[in-house]
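Student: Dropping a prediction and its sequence here:
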Amino acid sequence: MSLFTLSSRALRTQPPALPVLLAALLALAGCAPATRVVLLPQPHGAASAVDVQTGQAQTRLDTPYQTAAVSPRGSVERGQTDADAVRQRYGRVLAATPAAPLHFTLHFVQGASDLTPESQQQLEQVLTQATQRPGGEIIVTGHTDRAGDQALNDRLSLERALGLRELLIQRGFPAQRVQAVGRGEREPAVPTDDGVAEPRNRRAEITVR
């Protein structure tokens, strides 16, 4: 019996977007004909759901560790399991699952690419955690507040992202795996009127995946 471990997107059983995962799971399970879907909990308790649909039936899983067993004839039976049972039965599958992305936010002083004192203290921790995944991809996205000219903010946001990118490269990440993007004032963490200097919008968001 195969296992799909789905956490946030609504997908049908045996989705064409996951042929490699399906093949691996069937190999582990001895190519049994039936399919089992297990809804795993999201990080930090975020809500999630998945729709399981065949030509004969459909059901929705919206509680962590709910299951759907799909028979060879297409019927779907919903059930419930728990974390211990999933670890015992599908430990090899879980061990092969990629780790969840890491997300960090660092803040800058107004009008410059210098980190605030608080973010300076946080930077070492961010770099240490990021370099624990040397084979992954890192995206650094720079942002500004809405004070100042929009074209200037575009340049400033990219400068902020490029500065952090350089630090990551110095720590051993290959340059081709670290992307720097500047978004200017377009995606504020805190919406404000034009011209407002909002400290929480002067930031760089780092995603390690």
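Tutor: Good, I have the coordinates.
Student: how's this structure carved up into domains?
Tutor: Each structural domain of the chain that the record assigns through automatic domain parsing is listed here as a residue range: 2-95, 102-208.
Student: pLDDT averaged over the first one - what is it?
Tutor: I take that to be domain 2-95. Averaged across domain 2-95, pLDDT comes to 69.
Student: Same check on stretch 175-184?
Tutor: 95.
Student: do the same with stretch 202-209
Tutor: In this model, stretch 202-209 has an average pLDDT of 94.
Student: what are the ranges of the helices in the protein?
Tutor: If DSSP state H is used as the criterion, the helices of the chain fall at 19-29, 83-95, 117-131, 150-170.
Student: Need the pLDDT of the closest residue to Leu167 other than its chain neighbours.
Tutor: Ranked by C-beta to C-beta, 6 or more residues apart in numbering and with sequence neighbours excluded, the top spatial neighbour of Leu167 is Leu127, at 6.5 Å. The way it works is simple: take the backbone N, C-alpha and C, and place the C-beta from them, glycine included. Confidence per residue is given as pLDDT, and for Leu127 that number is 86.
Student: go on, the one 4 residues further on?
Tutor: At Thr131, the pLDDT value in this model is 81.
Student: Surely it touches Gln170?
Tutor: No. Because the distance of 10.3 Å does not satisfy C-beta atoms under 8 Å, Thr131 is recorded as not touching Gln170.
Student: And those two? Which one has more around it.
Tutor: Neighbours were tallied for Thr131 and for Gln170 using other C-beta atoms under 10 Å; the higher tally belongs to Thr131 (15 against 9).
Student: what sits against that one?
Tutor: Contact partners of Thr131, counting by C-beta atoms under 8 Å, 6 or more residues apart in numbering, are 168, 171-173.
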